[in-house]
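Enquirer: let me see the structure of the following:
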Amino acid sequence: MPAGSRATSQMEIPVIDLKGLDAAAAAGDDRSRTMERLHEACQDWGFFWVENHGVDAALMEEVKRFVYGHYEEHLEGSFYSSDLAKNLQLRKDNDGDGGATDQFDWETTYFIQHRPKNNVADFPEIPPATREAMDAYIAQMVALAERLAEGMSLNLGLDGGLISDTFAPPFVGTKFAMYPACPRPDLVWGLRAHTDAGGIILLLQDDAVGGLEFHKGGREWVPVGPTKGGRIFVNIGDQLEVLSGGAYKSVVHRVAAGTEGRRLSVATFYNPGPDAVVSPATSTSSAAAYPGPYRYGDYLDYYQGTKFGDKAARFQAVKNKLSG
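Expert: Down below sits the predicted model:
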């Protein structure tokens, strides 16, 4: 690989059954156990699977069918004729220097914003029926994000609406990505290591091809295998780390390029609105290390140029800017 090595850890990523948060279980032990598991997953891992999450399986399959079809019809040909693909192929054929590739990502992506504004009209190739299915899917994903936000807030000893209220009106958007088969996965990443800038990230991913890896505890890379049983993968972004005063941490992750198959990734971001004001909401011993209050849009502007850099340095730079 261009940096580091493939993940080899066999640690079991937490799986949280959200039926324990249903109204019927609200007064029982199931809710307490589920809340405890959610807290442990956020505190000790920063990423986890959820099942019985309330997102309709048929909608999930419809979204995946759309992404595969859209890629095949509109993106695959142009991707493999791109300079990145051509340069990598040259290096495969004659082992010459076909151009630097380690600062590029072996992925083809597009981004659709859903809330507070919807820009799906910028994609006229998406038929009306698919737009309706996507709207229904996003509504259920937002409901899931809000359930998780409430649980996280309560587990941090805060008002249950604190995270959602801080984010309001939330920015909700989806990154649709395909990671095609790569001729030289030793020379390029599917996506370089980074943390996510925002709040709660909900991932509908491939059920056959792996590649996603998370760096747990700063010690080892943990592979996130293909989806099983209709689960959704969740990870925490930088803003939840700040809000929690470091109790919950965003985690560095990456996507390894592979020679076999193609990997689908549909990541929905439940983020603060650009004018949301973020600061630590807890009095943890490490809260003073975080910046705030700051406008999320300003943080995001800085993140754009430092996404693949050190997260701690980014927090410190924002903190220095506020005190300057």
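Enquirer: flag every buried residue along stretch 154-168.
Expert: Using 16 or more other CB atoms under 10 Å as the test for burial, stretch 154-168 gives 154-156, 158, 162-164, 166-167. Backbone N, C-alpha and C define where each C-beta goes, glycine included.
Enquirer: that one: end-to-end distance?
Expert: End-to-end span of stretch 154-168 (CA to CA, to the nearest Å): 18 Å.
Enquirer: next, the buried residues of stretch 71-80.
Expert: Across stretch 71-80, burial judged by 16+ other CB under 10 Å covers 71, 75.
Enquirer: circling back to that earlier point, the buried residues of stretch 154-168: which two are farthest apart?
Expert: The distance between the two most remote of those (CB to CB) is 17.0 Å, for Asn155 and Phe167.
Enquirer: quick check, nearest of the buried residues of stretch 154-168 to Thr109?
Expert: Nearest to Thr109 out of the buried residues of stretch 154-168 is Phe167 (CB to CB; 23.5 Å).
Enquirer: surely that closest one touches Tyr270?
Expert: Yes: the criterion here is CB atoms under 8 Å, and Phe167 meets it with Tyr270 at 7.3 Å.
Enquirer: need the overlap of contacts for the two.
Expert: Shared contacts of Phe167 and Tyr270, defined by CB atoms under 8 Å, 6 or more residues apart in numbering, comprise 149, 199.
Enquirer: chain center to stretch 147-162, what's the gap?
Expert: 20 Å (CA atoms, centre = their mean, to the nearest Å).
Enquirer: next one: stretch 242-254
Expert: 12 Å.
Enquirer: repeat that for stretch 78-97.
Expert: The chain centre lies 29 Å from the centre of stretch 78-97; the measure is CA atoms, centre = their mean.
Enquirer: tell me the mean pLDDT over it?
Expert: The predicted model assigns stretch 78-97 a mean pLDDT of 76.
Enquirer: can you mark which positions in it are buried?
Expert: 84-85, 87-88, 90-91.
Enquirer: residue boundaries of the helices in the stretch 51-200 of the chain?
Expert: Taking DSSP state H, counting those that start in this stretch as the test, the helices found in the stretch 51-200 of the chain are 57-70, 76-80, 83-94, 128-155, 162-167.
Enquirer: of all those, which lies closest to Tyr110?
Expert: Comparing those by CB to CB, helix 57-70 comes nearest, at 8.5 Å.
Enquirer: counting by contacts, list what the closest one packs against.
Expert: Applying 3 or more CB pairs under 8 Å, 6 or more residues apart in numbering; DSSP states H and E, we find helix 57-70 packed against helix 128-155, strand 171-179, strand 200-205, strand 263-271.
Enquirer: I'd like to check the angle between that helix and strand 171-179, please.
Expert: Interaxial angle of helix 57-70 relative to strand 171-179 (axes from the mean of the first three to the mean of the last three CA atoms, to 10 degrees): 60 degrees.
Enquirer: who are the contact partners of Glu150?
Expert: Contacts of Glu150 (CB under 8 Å, 6+ apart): 160-161, 163-164.
Enquirer: next one: Phe214
Expert: Here Phe214 is in contact with 46-47, 221-222, 224, 235, 251-253 (CB under 8 Å, 6+ apart).
Enquirer: just send the residues you listed back as TSV, with distance to Val142, secondary structure and pLDDT too.
Expert: Below are these laid out as TSV (distance: CB to CB, whole Å; DSSP: H, G, I helix; E, B strand; the rest coil; pLDDT from 0 to 100):
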residue	distance to Val142	secondary structure	pLDDT
Gly46	21	coil	97
Phe47	20	strand	97
Trp221	31	strand	95
Val222	28	strand	95
Val224	23	strand	96
Asn235	17	strand	98
Val251	23	coil	97
Val252	26	coil	97
His253	22	strand	97
